[in-house]
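A.B. asks: Turn this into a model:
(2 chains)
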Amino acid sequence: MKNSSTTATPHPLEDLVRMDRIPHIWCSGCGTGSVFTSCLTAIKQSGIPYNQFAMVSGIGCSGRGAGYINIDSFHTTHGRAIPFATGIKMARPDLKVIVFSGDGDLCAIGGNHLIHAARRNMDIIVICVNNLTYGMTGGQVAATTPFKAKSSTTTLGNPDTPFNLPLLAYAAGATYVARWTMLHARDLTDAVQTAIARKGFSFIEVLSPCPVNFGRRNREKSLDTLRKYHENTIVKNGAHPSELDVDFNKGVILGTFVNVDRPTCDEVYRKMYWPAEEPKEQRKTG
Amino acid sequence: MKSHVLTGEHFINGDEACAEGAIAAGCKFFGGYPITPATEVAEQISIRLPQVGGTFIQMEDEIAAMTSILGAAWTGVKSMTATSGPGFSLMMETVGLAVVTETPCVVVNVQRAGPSTGLPTQGAQADMMQARWGSHGDYEIIALAPSSPQEMFDLTITAFNLSETYRTPVFIMSDEIVGHMSEKVIIPEARKIKTVSRPRPTGRKDRFLPYKPGPNGVAPMPAIGDGYNVHVTGLTHDEKGYPVMSVETQKEMMARLLGKIRNNLDDIILTEEHRLEDADIVVVSYGVSARTAYTAVEEARQMGIKMGLLRLITVWPFPEEKIRSLAKRVKGFITVEINMGQICREVQRFAGLTPTYLAGHPGGAIIPPEDVLKIAKEALA
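C.D. replies: Take a look at the predicted model:
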């Protein structure tokens, strides 16, 4: 019997997906898949050959991204996607290196690497899927969980103040900082495309629902979250990063906040430490 | 093409010799973080790597240093880092990632006395069991122990060659004394230095299995951009590199990881024997303590005690067959090591009923040969 999928029109991103690993592990109502789609669409639309890309993830739900993209891809240890990407970039500066991971991975356990890669203006693209919680382990409080929000380890509400991630990235020296939600798929795709086309440390925060482990504890169904993304957000390009606390009552500001030029880490190394007669790209062949 | 190997005779310390060994081995990437007494490795190689078209980068901590060298390794270059105890502890989780993803790299541990901050400027050999078991889970590891600046040079090359051959992290377990000791180091001509590079795959890219072992139990390793679209994960994975959460896959992966070391012991294990032929008592030692042991053997022989030395150049995997066969004909073993009995336990495991003694030290100083002689006399009394 013929499988119906063989006769259907292939999905436009099929060449970028490890189809032999589908279905993915993401829960229904999870936003990571939409963020992943935007990321893949941007890679495809860039027109750059796929073997010029590498994707690195850490650990967590969105950390599984590297396992589904059909390019050279690395699923590393918790928090360490950025230093792994740094090693790739500084050994092969011609590659486009994308870090696809979550808020806990990149900004809590991996927070030190985030600020230092930003400081160096490491030429990598960091896509931070922020679901406000540790989803894979069942919804514990995160460095991004809103004040007073419930989690499995703060059953009376989060007593801590969350990070404003764009402010953190900006303060550490990121040269491109943007925030979108997974609902803003086209803006997000454009942001990833912009980041791919430019040089420097690009940090894109993407708000994304975790209905199973965050929404359930905070009386928020998937569609409620999407409605908030639609109604309680304000697009304000160029907003100062200090205004960007995630507070849906006040309205969450989205947009591109930083886009400046500064020599990247590999450019500075090229000038100061890498002799011109031996470009790193030659290593491709051996 | 001009050689970058500093052929000739040099008077340099062990840390510097290690950096030169790395250059001679073809290392092109060093991710570092300063720590006494390993800092001179980073300082020396930070000057040397740019001269050979390589990259030195000082990372924000040892976790990042260790992780960066794995990223670099997957671009096809030889990479390394160097540290001491506290940094070694921080690197351990990533060492496991290197093992399971079969990523070649070299990690130098210039040991100092611990636990914790301990004696930063004084030597010890107390990270030997951490080198074996420091990362979680079961695995095999390769660790070499240089006894001199010359061996810091030589064994750094050996470490790269083993790491490239077996796609595994290799430790150089040095110590503050060897690291900071200056001696004559002879660097041969570049063409006389044997270097090994990992085999790269050939053939159909769509059917390539990055973890399907070749004849020696090791798979060829593509680099990023070669077009093989590899997926590399710390999760239990099959030969394609895909995560499979099953007991069967775990069994197969573990057999592969352990087998490639256990089935090649003859190639990996390096030892040196001195006056073992007629020995009644065998001193087992490594690193700087082997120098103590050597002197003890010479002095014992003058006193009429038939002592011999088994020097472990490769400490892990442990030369258990060697100990088993010696145990059949000698009266006792003495391990000489600047710790409170780490390799001593390992010798005991294979010595059977042959008694094993420890000439140990809590750290911070070299063990005097008299300590070994005293134990030998008591043992033979």
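A.B. asks: Tell me which residues of stretch B:7-22 come out buried.
C.D. replies: Within stretch B:7-22, the residues that count as buried by 16 or more other C-beta atoms under 10 Å in any protein chain shown are B:His10, B:Ile12, B:Asn13, B:Gly14, B:Asp15, B:Glu16, B:Ala17, B:Cys18, B:Ala19, B:Glu20, B:Gly21, B:Ala22. Heads up, the C-betas are built off the backbone N, CA and C, glycines and all.
A.B. asks: just stretch B:327-343 next, same as before
C.D. replies: So stretch B:327-343, judged by 16+ other C-beta under 10 Å, has buried residues B:327, B:330, B:332-339, B:341-343.
A.B. asks: can you check stretch B:234-242 too?
C.D. replies: B:Gly234, B:Leu235, B:Thr236, B:His237, B:Asp238, B:Lys240, B:Gly241, B:Tyr242.
A.B. asks: ok, the longest strand anywhere in chain B: who's next to it in the sheet?
C.D. replies: Longest strand in chain B by number of residues (criterion: DSSP state E): strand B:105-113. Each strand paired with strand B:105-113, and its direction, by DSSP bridges: strand B:78-83 (parallel), strand B:119-123 (antiparallel), strand B:169-175 (parallel).
A.B. asks: how deep is the residue in chain B that chain A sits nearest to tucked in, by neighbour count?
C.D. replies: Chain B approaches chain A most closely through B:Gly71 (2.6 Å), counting by C-beta to the nearest C-beta. B:Gly71: 31 surrounding residues under other C-beta atoms under 10 Å in any protein chain shown.
A.B. asks: go on, B:Gly364?
C.D. replies: 15.
A.B. asks: Please name the nearest non-neighbouring residue to B:Asp154.
C.D. replies: Excluding the flanking residues, the one nearest B:Asp154 by C-beta to C-beta, 6 or more residues apart in numbering or on different chains is B:Gly21, at 6.8 Å.
A.B. asks: Tell me who's in contact with that neighbour.
C.D. replies: The contact partners of B:Gly21, by C-beta atoms under 8 Å, 6 or more residues apart in numbering or on different chains, come to B:Met152, B:Phe153, B:Asp154, B:Leu155, B:Thr156, B:Ile157.
A.B. asks: hey, C-alpha coordinates of the lengthiest helix in chain B in CSV?
C.D. replies: Taking DSSP state H as the criterion, chain B has its longest helix at helix B:149-166. Extracted C-alpha coordinates of helix B:149-166, given in CSV (Å, rounded to 0.1, in the frame of the first residue of the first chain):
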residue,chain,number,x,y,z
PRO,B,149,60.5,18.2,30.4
GLN,B,150,61.8,16.0,27.6
GLU,B,151,58.8,13.7,28.1
MET,B,152,56.5,16.7,28.3
PHE,B,153,57.5,17.3,24.7
ASP,B,154,57.5,13.7,23.6
LEU,B,155,54.4,12.5,25.3
THR,B,156,52.4,15.5,24.2
ILE,B,157,53.0,14.3,20.6
THR,B,158,52.1,10.8,21.7
ALA,B,159,48.9,12.1,23.4
PHE,B,160,47.8,13.8,20.1
ASN,B,161,48.6,10.7,18.1
LEU,B,162,46.6,8.4,20.5
SER,B,163,43.7,10.9,20.6
GLU,B,164,43.6,11.1,16.8
THR,B,165,43.9,7.3,16.4
TYR,B,166,41.2,6.4,18.9
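A.B. asks: Mind checking what secondary structure A:Val126 has?
C.D. replies: Using DSSP: H, G, I helix; E, B strand; the rest coil, the structure places A:Val126 in strand.
A.B. asks: And it, what's its pLDDT?
C.D. replies: At A:Val126, the model reports a pLDDT of 98.
A.B. asks: What of the one 3 residues further on?
C.D. replies: On pLDDT, A:Val129 comes in at 98.
A.B. asks: Equivalent analysis for B:His4, please.
C.D. replies: 88.
A.B. asks: On the three-state scheme, it is what?
C.D. replies: B:His4 - assigned by three-state DSSP - is coil.
A.B. asks: What count of nearby residues applies to the nearest residue to it once chain neighbours are set aside?
C.D. replies: Closest residue in space to B:His4, ignoring its immediate chain neighbours: B:Val52 at 4.4 Å, by C-beta to C-beta, 6+ apart. If you count neighbours by other C-beta under 10 Å, B:Val52 ends up with 18.
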